[in-house]
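Participant: Sequence plus predicted model, see below.
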Amino acid sequence: MITVYQGVAHPWLCDVLGHMTTRHYVAMFDDASYHFLNKAFGWSPGESSGPGWADVKHTIEYQDEIAKGDLLEVRGALEKIGGKSVTIRYEMHNLSKGNIAATLESISVYFDLDARKAIAIPDDLRAGAESFVEPSAEN
């Protein structure tokens, strides 16, 4: 896994129960995904046309609470590269506690932003990303 995000659980990211609220877990994982797609596929966000990525499924498992002030790091690895989609596993590490706070399995499709449909992942992108593949222990 490679580190693709670092952040802090600021007090304003926490809910009335005193732990980081779900919306901010998702935001941190989302920011991490841009960095991962850039490192693995050389893709940069910002273009409103041409090819891009579209998330089609997220499975999040919350494993421990995150409190204000906790230092966080998200790491990612490719589990699978399909014809048009990728499965990426992310782990949110709570560096303050030394544990994994949450995991995200994300399935994203390579997407034609003009035609608004999934397209095949080009061979050159696939070849460049192969070194990021780390099948999970469950597969």
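Facilitator: Yep, it's here. Source: prediction; values computed, not measured.
Participant: Can you tell me which helix or strand of the protein has the lowest average pLDDT?
Facilitator: helix 123-129 (a mean of 91; mean pLDDT, DSSP states H and E).
Participant: can you list the weak-confidence ranges in the protein?
Facilitator: Counting by pLDDT under 70, the chain shows low-confidence ranges at 47-49, 137-139.
Participant: Neighbouring strands of the longest strand seen in it in the sheet, and parallel or not?
Facilitator: Secondary structure assigned by DSSP state E gives strand 99-112 as the longest strand of the chain. As defined by DSSP bridges, the strand partners of strand 99-112 come to strand 51-62 (antiparallel), strand 85-94 (antiparallel), strand 117-118 (antiparallel).
Participant: Pull out the buried residues from it.
Facilitator: Neighbour-count burial for strand 99-112, counted by 16 or more other Cβ atoms under 10 Å, picks out 101, 102, 103, 104, 105, 106, 107, 108, 109, 110, 111. For every residue, glycine as well, the C-beta is placed using N, CA and C.
Participant: Spit out the contact partners of the second one.
Facilitator: The reference is to residue 102. 25, 29, 60, 61, 62, 63, 64, 66, 91, 92 (Cβ atoms under 8 Å, 6 or more residues apart in numbering).
Participant: pretty sure the fourth one is touching residue 103, no?
Facilitator: So the one you mean is residue 61. Yes - Residue 61 is in contact with residue 103 according to Cβ atoms under 8 Å; the separation is 4.9 Å.
Participant: Contact partners for residue 89?
Facilitator: Contacts of residue 89 (Cβ under 8 Å, 6+ apart): 1, 76, 77, 78, 79, 103, 104, 105, 106, 134, 136.
Participant: can I get those in TSV with distance to residue 97?
Facilitator: Listed next are the contacts of residue 89 as TSV, based on distance: Cβ to Cβ, whole Å:
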residue	distance to residue 97
1	18
76	20
77	22
78	27
79	26
103	15
104	18
105	22
106	24
134	24
136	23
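Participant: wait, which of those residues is closest to residue 35?
Facilitator: residue 76 (8.0 Å; Cβ to Cβ).
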